[in-house]
Every structure is written in structure tokens, then in C-alpha cells.
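**Student:** I would like the atomic coordinates for the input below:
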Amino acid sequence: MIRILIADDHLVVREGLQLILGMEEDLEVVGEAPNGETAVRLAGELQPDVILMDLRMPGIGGLAAIEQILAQWPQMAIVILTTYNEDELMIRGLQAGARGFLLKDTGRETLFHTIRAAARGETLLQPDVIARLMTHTGQMPKPAAPQPSDQTILTGRELEVLTAVARGDRNKEIARQLGVTERTIKAHLTNIYNKLGVDSRAAAVSVGMQQGILIS
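**Tutor:** Prediction:
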């Protein structure tokens with residue numbers, strides 16, 4: 001059972017999500033938060049597997065809530081609920097450690113798929129979100145410089161893996177495409193993270209776009 005916390009200041013959104021998620025046997029909504037402060041508190045009390053986090057809420061906003069939650073419970077998977085006019089906040093949420101993004105008008109199958117992927121520790125970025133990230137790459141702050149000992153140039157195989165990650169492919173799918181094992185893909189991802197100075201698939205995609213490693 002995947003335990004979910006919904007954080008959104010609109011009651012109709014929370015109730016709608018709870019109704020939809022309740023239709024799936026492996027998904028359970030364990031709590032609701034109307035603001036960031038409550039989201040942080042409930043994250044500690046309920047220890048959900050996945051948090052659906054709105055970005056714009058009264059008091060402590062979604063970004064601050066993401067930072068506070070992941071600072072205390074880094075294992076929690078946070079998926080941002082976003083709209084079409086929140087690109088800058090969405091990018092900052094990615095950099096703060098969110099594992100994925102869902103547009104509020106997304107279909108239920110995409111909703112289920114993204115939540116399950118996040119619960120597995122994977123990151124799924126939908127093609128329309130990737131396109132928006134690429135469009136706004138020039139507005140994003142530069143990533144932190146890598147450690148002097150890091151080799152920042154990706155190998156050809158690492159670039160193939162990062163490109164597949166940007167498409168939203170899972171480790172199993174990437175391994176099948178490249179004819180290698182999942183363990184090998186995980187090793188490539190570790191190398192990519194070290195070279196780019198990141199610790200998640202989503203952040204690797206973000207930095208890859210900023211540095212021109214990934215292009216549209």
C-alpha cells in the first residue's frame with residue numbers, strides 16, 4: 001500500500017484527488033494539508049510514502065515545505081502539483097529535491113503512474129514538463145560547481161542513460177534498450193550524479209539542461 005499525503009489549499013482539489021486515488025487498491029490517502037506548515041507537521045506524524053505538494057499555499061509555501069520535509073525525512077517522495085503559469089517555482093521545486101511534477105489537469109493514469117514511480121524511488125517527468133523546463137533553461141540559476149576531483153564530462157553511454165531518464169524511462173526500460181543489466185544502469189546514474197553534483201534523477205535532468213548536455 002502506498003500511503004499519500006495531499007497538500008493543497010483548495011478543498012475541491014484535495015477532495016477530488018482523494019476520490020480518484022481511493023479507486024486504486026494500492027493507493028491510500030492518509031492525510032490532507034491546506035498549507036505548507038501543516039504539510040510539514042503531517043509529514044512527520046504520518047510518514048507518508050508520497051506527498052502531493054501544491055506550490056502556492058498560504059503561510060509556508062510549497063517550496064519551503066519541500067525543503068523542510070526533505071531536510072528531515074530525505075526518503076520521502078514529493079511530487080509537485082503545478083499549473084501552466086508556475087514554471088519558475090516548478091524548476092526551483094525540482095532543484096529542491098522533488099521527484100516529479102503533475103499538472104493539475106493531468107489524466108488519472110498519469111497520476112497513478114507518477115505516484116507509483118515516486119514511491120519506487122524513481123523520477124518521471126512528462127514530455128510537456130520536459131519541454132517547459134527546456135524553454136526556461138536560460139532563466140534557471142547556474143548549478144553549483146562540481147568538486148575539483150569530479151570529471152564533469154559524461155561518457156557516451158552516460159549521455160545515453162541521461163537522455164533516457166529525461167524521456168521518463170525507468171531503469172528496467174533503459175537496461176533493455178541498451179542491452180545491459182539494471183545494476184549497470186544504476187552504476188551509470190551514480191557516476192552521472194557525481195559528475196553533475198546532484199543526488200536525484202530530476203536534478204540530473206535539470207542540470208543537464210542548464211549545462212547544455214541535454215538539448216531539445
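**Student:** domain assignment for this protein?
**Tutor:** The chain breaks down into these domains under automatic domain parsing: 2-124, 138-210.
**Student:** these: lowest mean pLDDT?
**Tutor:** Of all these, mean pLDDT reaches its minimum on domain 138-210 (a mean of 77).
**Student:** what about Leu89, how many residues nearby?
**Tutor:** Leu89: 17 surrounding residues under other C-beta atoms under 10 Å. In this view, the C-beta of every residue, glycine as well, is placed from N, C-alpha and C.
**Student:** list the contacts for the nearest residue to it once chain neighbours are set aside?
**Tutor:** For Leu89, ignoring the flanking residues on the chain, the nearest one in space by C-beta to C-beta, 6 or more residues apart in numbering is Leu55 at 4.5 Å. Listed by C-beta atoms under 8 Å, 6 or more residues apart in numbering, the contact partners of Leu55 are Gly61, Gly62, Leu63, Ile80, Leu81, Thr82, Glu86, Leu89, Met90, Gly93.
**Student:** and the second one, how many neighbours?
**Tutor:** Residues lying near Gly62 (other C-beta under 10 Å) number 29.
**Student:** report the contact partners of it.
**Tutor:** Counted by C-beta under 8 Å, 6+ apart, Gly62 has contacts Ala7, Gly36, Ala39, Met53, Asp54, Leu55, Arg56, Ile80, Leu89, Gly93.
**Student:** switch the cut-off to 6 Å
**Tutor:** By C-beta atoms under 6 Å, 6 or more residues apart in numbering, Gly62 lies in contact with Met53, Asp54, Leu55.
**Student:** phi and psi next, for Gly121.
**Tutor:** phi 90, psi 10 (degrees, to the nearest 10).
**Student:** burial check on it, number of neighbours?
**Tutor:** 12.
**Student:** how about the closest residue to it other than its chain neighbours, phi and psi?
**Tutor:** Of all residues not flanking Gly121 in the chain, Ala77 sits nearest, at 7.1 Å (C-beta to C-beta, 6+ apart). Main-chain dihedrals, Ala77, degrees, to the nearest 10: phi -90, psi 120.
**Student:** just the helices in the chain please.
**Tutor:** 11-21, 36-46, 62-72, 87-96, 108-119, 127-135, 156-166, 171-178, 182-196, 201-210 (DSSP state H).
**Student:** in JSON lines: those helices, plus distance to Ile2.
**Tutor:** Formatted as JSON lines, the helices of the chain follow (distance: least, C-beta to C-beta, whole Å):
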{"stretch": "helix 11-21", "distance to Ile2": "9"}
{"stretch": "helix 36-46", "distance to Ile2": "13"}
{"stretch": "helix 62-72", "distance to Ile2": "17"}
{"stretch": "helix 87-96", "distance to Ile2": "21"}
{"stretch": "helix 108-119", "distance to Ile2": "5"}
{"stretch": "helix 127-135", "distance to Ile2": "21"}
{"stretch": "helix 156-166", "distance to Ile2": "22"}
{"stretch": "helix 171-178", "distance to Ile2": "19"}
{"stretch": "helix 182-196", "distance to Ile2": "21"}
{"stretch": "helix 201-210", "distance to Ile2": "19"}
